[in-house]
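# Sequence and predicted structure, then a few things I'm wondering about:
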Amino acid sequence: MSETTDIRTTVREKYGAVAEGKSGVAGCCCGPGECGDVLHEIGYTDEQAAAIPEGANLGLGCGNPLAHAAVRKGETILDLGSGAGIDCFLAARETGPAGHVIGVDMTPAMVEKARANAARGGTANIEFRLGEIEHLPVADASVDLIISNCVVNLSPDKPQVFREAMRVLKPGGRMLISDLVLLRPLDPDLQKNVDLYVGCVAGASLKQDYLRMMREAGFSAVEVVDERAYTVGADTLPAGSREREAFTAVTSVKVRALKAAAGR
């Protein structure tokens, strides 16, 4: 079995357990009640927090990708790694009934939970699809806006994620990603730490490499529009441990990027 397959299997199992309420994950992926309510800390407004359907917030984000997305009515929006649907539900409110929101997640239990949340709320303009963000079940040039929240760092093939994002965006489309990136390299043994990987730290790329991968995929106007320290979940690790110290190497960023309009 390849390392890539091992990583995907581990991430799927861990996040499946979170979706089923069996387990939390250290780091940006704290389960409800384990790291407290971090919505305001990572950039959600009171109004947004109040609008999130019950069961959609699993405490898995590291920012609010919609804060700088400038959603327009009627747009088609794609969420990479949509989890239980928190950002999809908020995006659906912003794009309105004439718009459409697609959430893609590789964990069956997450997709099932998100669909159940949508069914309870009677939300008609959202659909959740099972799939990997490296191989999106989405048509070419069909999406106006891509969002993602603390997910790309988990991918073992980030360049492919950004190539797929470019493929599905319409000309002139845009992407707004909230994610964790590294300010300095981690020691090799920490990079192999499973808990740090599923906690969104060990799989993170250096900030400059992350932005470079977007540009190499064809994105233009790649810009960090917000950056802040991120330590949510660090206190779940032993005080003074190297694992806890690893959190000082990461920062939470919101990155905006554009796909050139046709003819440019």
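Received it, and whenever you're ready, just let me know what you need. Numbering: from 1, shown residues only.

# Could you pull out the helices in this structure for me?
Here the chain has its helices, by DSSP state H, at 3-19, 46-51, 86-95, 108-121, 158-168, 188-191, 194-198, 207-216, 242-245.

# what's the spacing between the last one and its chain's center?
Relative to the centre of its chain, helix 242-245 is centred 23 Å away, using CA atoms, centre = their mean, to the nearest Å.

# heads up, I number from 36, so please use that
Got it, first residue is 36 now, which makes that one helix 277-280.

# Report the buried residues of that helix.
278-279 (16 or more other CB atoms under 10 Å). Where C-beta positions appear, they are placed from N, C-alpha and C, glycine not excepted.

# picking that back up, which of the helices of the chain sits most buried?
Among the helices of the chain, helix 121-130 has the highest mean neighbour count (mean count of other CB atoms under 10 Å), at a mean of 24.

# now that helix against helix 143-156, angle please.
Between the axes of helix 121-130 and helix 143-156, defined by axes from the mean of the first three to the mean of the last three CA atoms, to 10 degrees, the angle is 40 degrees.

# helices or strands up against helix 121-130?
In terms of contacts (3 or more CB pairs under 8 Å, 6 or more residues apart in numbering; DSSP states H and E), helix 121-130 is packed against helix 81-86, strand 111-115, strand 135-140, helix 143-156, strand 161-165, strand 178-184.

# Output that helix as CSV, nothing but the C-alphas.
The C-alpha trace of helix 121-130 is given here as CSV (Å, rounded to 0.1, in the frame of the first residue of the first chain):
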residue,chain,number,x,y,z
ILE,A,121,-21.0,24.3,7.9
ASP,A,122,-19.7,26.5,5.2
CYS,A,123,-22.0,25.1,2.6
PHE,A,124,-25.1,26.1,4.6
LEU,A,125,-23.7,29.6,5.1
ALA,A,126,-22.7,29.9,1.4
ALA,A,127,-26.2,28.8,0.4
ARG,A,128,-27.7,31.7,2.3
GLU,A,129,-25.4,34.1,0.5
THR,A,130,-25.9,32.8,-3.0
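
# Identify the residues contacting that helix?
Applying CB atoms under 8 Å, 6 or more residues apart in numbering, the external contacts of helix 121-130 come out as 83, 86-88, 91-93, 95-96, 99-101, 104, 106-112, 114, 117, 134, 136, 138, 149, 152-153, 156, 158, 160-161, 163, 182, 184.

# circling back to that earlier point, the helices and strands packed on helix 121-130: which one's closest to Val260?
For Val260, the closest of the helices and strands packed on helix 121-130 is strand 178-184, at 13.0 Å, according to CB to CB.

# Out of the contacts of helix 121-130, which end up buried?
83, 87-88, 91-93, 95-96, 99-101, 104, 106, 110-112, 114, 117, 134, 136, 138, 149, 152-153, 156, 158, 160-161, 163, 182, 184.

# Name the residues of the longest strand seen in the chain that are buried.
Identified as the longest strand of the chain according to DSSP state E is strand 204-217. Neighbour-count burial for strand 204-217, counted by 16+ other CB under 10 Å, picks out 204-205, 208-217.

# Thanks again, I'm all set now.
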